[in-house]
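Visitor: fold the stuff below for me.
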Amino acid sequence: MLDSLPDTLPGDEILALNSAQSDIHTERTYDYNGWTFTLPPGVFKPGDTSRIVHDRLLDGTIPVTGRSYAAMGVGLGVEAVIAGTLGAREVYAVDVHPDSVAAAAGHYARIVGDRSDTVFRPLVSNLFEEFPDSARLDVVTFNPPAVSKRTSDDPTVVRNVCVGAEIVLRFFDQIVTRDLLAPDGEIHLIVSNTAELKRIVAHAVDAGFRPVVLHRQTWEGDNCQAYLFKLIRHDAV
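Guide: Below is the predicted model:
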């Protein structure tokens, strides 16, 4: 698997791909699946890689019905809304940014509402630090801000885009150390070659996970390649 993955893009290409002026400090809207989401300043607006995750949740490629699900870096809450609509047993809407968790909770309440078969758990947390020890997750999704090159001096942009590979390494380490994944649990991680892709996947393998590529996305006009991985523990194979 590692040999088949692309090397990290050169720094100038990464900067070119992330050179658009950010409007993250303004109020915006986002439409998906007939739903309209309002984004307060500071809340990340989903891009192309986020929509890959959204689409795979909606079409059942990432199965959440009746399962305990954690949307990591939930942002405005699209993943949580999809999971609630599809009848997940439990939905953790997790972000390090309190305003994002509040936005996700508001969208969930408005679009999904109360469901007798779903427990909604909005959680402000740096990765899994605030998760209860009793949590056992069947499905986790994560589109990490793992771009390897610092693309901005704005800390809000950095938080949403270019923290780097270390956040993903800690993600896997915490899952293993805390034993947060159910026996047949699965992680769905999307990472592109704007990040240290090979390093991230190698760390996941070393942590005991087997990666499978569910989707590979390219775009005309640049060399970016994004991969949606499904990762399960070796002992669950």
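Visitor: mind checking the longest strand of this structure?
Guide: strand 181-192 (DSSP state E).
Visitor: pull it out as PDB, backbone CA atoms only.
Guide: Output of strand 181-192 as PDB, limited to C-alpha atoms (Å, rounded to 0.1, in the frame of the first residue of the first chain):
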ATOM      1  CA  LEU A 181     -13.000   1.500  18.900                       C
ATOM      2  CA  ALA A 182     -15.500  -1.300  19.200                       C
ATOM      3  CA  PRO A 183     -14.300  -4.800  18.200                       C
ATOM      4  CA  ASP A 184     -15.500  -4.400  14.600                       C
ATOM      5  CA  GLY A 185     -15.200  -0.600  14.500                       C
ATOM      6  CA  GLU A 186     -13.900   1.200  11.500                       C
ATOM      7  CA  ILE A 187     -12.200   4.500  10.900                       C
ATOM      8  CA  HIS A 188     -12.800   6.500   7.700                       C
ATOM      9  CA  LEU A 189     -10.000   9.000   7.100                       C
ATOM     10  CA  ILE A 190      -9.500  11.300   4.200                       C
ATOM     11  CA  VAL A 191      -6.000  12.600   3.500                       C
ATOM     12  CA  SER A 192      -4.400  14.100   0.400                       C
END
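Visitor: what lines up beside that strand in the sheet?
Guide: When pairing is defined by DSSP bridges, strand 181-192 lines up against strand 137-142 (parallel), strand 225-233 (antiparallel).
Visitor: who does the residue nearest to the spatial centre of the chain bridge with?
Guide: In the chain, the residue lying closest to the centroid (C-alpha atoms, centre = their mean) is Phe142, at 2.3 Å. Beta-bridge pairing for Phe142 (DSSP bridges): Met72, Leu189.
Visitor: next up, the contacts around it.
Guide: 72-73, 168, 171, 187-190 (C-beta atoms under 8 Å, 6 or more residues apart in numbering). For glycine as for every other residue, the C-beta is placed from the backbone atoms N, C-alpha and C.
Visitor: distance check, it against Arg51.
Guide: Shown here: Phe142 relative to Arg51, a distance of 15 Å by C-beta to C-beta, to the nearest Å.
Visitor: for Gly34, same thing?
Guide: 14 Å.
Visitor: tell me which of those two has more neighbours.
Guide: Counted by other C-beta atoms under 10 Å, Gly34 and Arg51 do not tie: Arg51 has more neighbours, with 14 against 6.
Visitor: element containing that one?
Guide: Assigned by DSSP states H and E, Arg51 belongs to helix 48-58.
Visitor: now do Arg210
Guide: Per DSSP H and E: strand 209-218 holds Arg210.
Visitor: parallel or antiparallel, list what pairs with that strand.
Guide: strand 225-233 (antiparallel).
Visitor: and the angle from the partner strand to helix 48-58?
Guide: 50 degrees (axes from the mean of the first three to the mean of the last three C-alpha atoms, to 10 degrees).
Visitor: CA atoms only: put strand 225-233 into PDB for me.
Guide: The C-alpha coordinates for strand 225-233 follow below in PDB (Å, rounded to 0.1, in the frame of the first residue of the first chain):
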ATOM      1  CA  GLN A 225      -4.800  13.300  -5.000                       C
ATOM      2  CA  ALA A 226      -7.100  12.700  -2.100                       C
ATOM      3  CA  TYR A 227      -7.700   9.300  -0.600                       C
ATOM      4  CA  LEU A 228     -10.600   8.100   1.600                       C
ATOM      5  CA  PHE A 229      -9.300   5.200   3.700                       C
ATOM      6  CA  LYS A 230     -11.200   2.600   5.600                       C
ATOM      7  CA  LEU A 231      -9.100   1.400   8.500                       C
ATOM      8  CA  ILE A 232      -9.900  -1.600  10.700                       C
ATOM      9  CA  ARG A 233      -7.800  -3.200  13.300                       C
END
